[in-house]
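Enquirer: sequence first, predicted coordinates after that:
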Amino acid sequence: DGGITQSPKYLFRKEGQNVTLSCEQNLNHDAMYWYRQDPGQGLRLIYYSQIVNDFQKGDIAEGYSVSREKKESFPLTVTSAQKNPTAFYLCASSIDRGAYGYTFGSGTRLTVV
Amino acid sequence: AQSVAQPEDQVNVAEGNPLTVKCTYSVSGNPYLFWYVQYPNRGLQFLLKYITGDNLVKGSYGFEAEFNKSQTSFHLKKPSALVSDSALYFCAVRDGGGGGNKLTFGTGTQLKVEL
C-alpha cells in the first residue's frame, strides 16, 4: 500500500543534542512538508520541498534543517539551536499542482529530557 | 496571502444531535478548501474538499461541508453525531490561482460528542 512513514514514533533528546526525524513516502508525490504541532497552536510549517534538491523555509524554520536528496525522503534535523523542541512533528506529501490535498504521516513525538 | 480561521477551540454536542464546526477563509483568488480530522497521537486524515461545483460537499464518515462564497465560510456538518466523532478537526485553504500546493491550516477545533 502507498503511504507516508515517519519514524521513530517517540524520540527523546538530551539538551544540546541534534536529532533527525525520518519521513519516507512511496506515493510518488513531488512535494513534502514538515509541520510542528503544539497544543492550541495548530500546525506550523517548518520547511517544505517542491522538488528534489530544493527546499524552502516555512514560518518557524529557525533551529531546524532538512535535506531532499531523493524524491521519497525528506528528513528533518532538530538542532541544538532549537530551544524548545518538545512537540509533535508531522510530515506530509502532495502532488505539487492542482487541487490535491496532503497525505500525512502518523507523526513523531519529540521530548527533551 | 491566504488565511483560515476556526473561531471555536472546542465544540460540545450530544450524540445523535447535529454538529457544526465553523471555518472562515481569506484568499485573493478562488479557494480550494479542505477538512481534516486528527485522532490523538495520529496524523491528519482527509475528510473532504471543495474545489468547484456544488456548494454542498459530501465526505467520509457521513460528514459534509457547505461552501458559502459571500460569507467566505466552509463549515463542517454532520446530521447526527457519534461519540466516535470526538477528535480534533482542521480546516485548510489554498489559493486556487497560485502556483504550487501550499495549504494554510486553521488552529483546529476539538469536537467532543457526549452520550
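Expert: That came through, no problem.

Enquirer: measure the closest residue in space to A:Gln17 that isn't next to it in sequence to A:Pro8 for me?
Expert: Excluding the flanking residues, the one nearest A:Gln17 by Cβ to Cβ, 6 or more residues apart in numbering or on different chains is A:Ser80, at 6.5 Å. C-beta: built from backbone N, CA, C; applies to glycine. Taking Cβ to Cβ, to the nearest Å as the measure, A:Ser80 falls 19 Å from A:Pro8.

Enquirer: and B:Gly106, by the same measure?
Expert: Look at B:Gly106 and A:Pro8: by Cβ to Cβ, they are 28 Å apart.

Enquirer: neighbour count for the two, which is higher?
Expert: More crowded of B:Gly106 and A:Pro8, by other Cβ atoms under 10 Å in any protein chain shown: B:Gly106, with 24 against 12.

Enquirer: what's the local residue count around residue 22?
Expert: All of this is about chain A. A:Ser22 - counted by other Cβ under 10 Å - has 16 other residues nearby.

Enquirer: let's do chain B instead
Expert: 17.

Enquirer: that one and B:Lys77 touch, don't they?
Expert: No - judged on Cβ atoms under 8 Å, B:Lys22 makes no contact with B:Lys77 at a distance of 10.0 Å.

Enquirer: quickly list what's touching both of those two.
Expert: Counting by Cβ atoms under 8 Å, 6 or more residues apart in numbering or on different chains, no residue touches both B:Lys22 and B:Lys77.

Enquirer: one step back: spell out the secondary structure type for the residue nearest to A:Gln17.
Expert: coil (DSSP: H, G, I helix; E, B strand; the rest coil).
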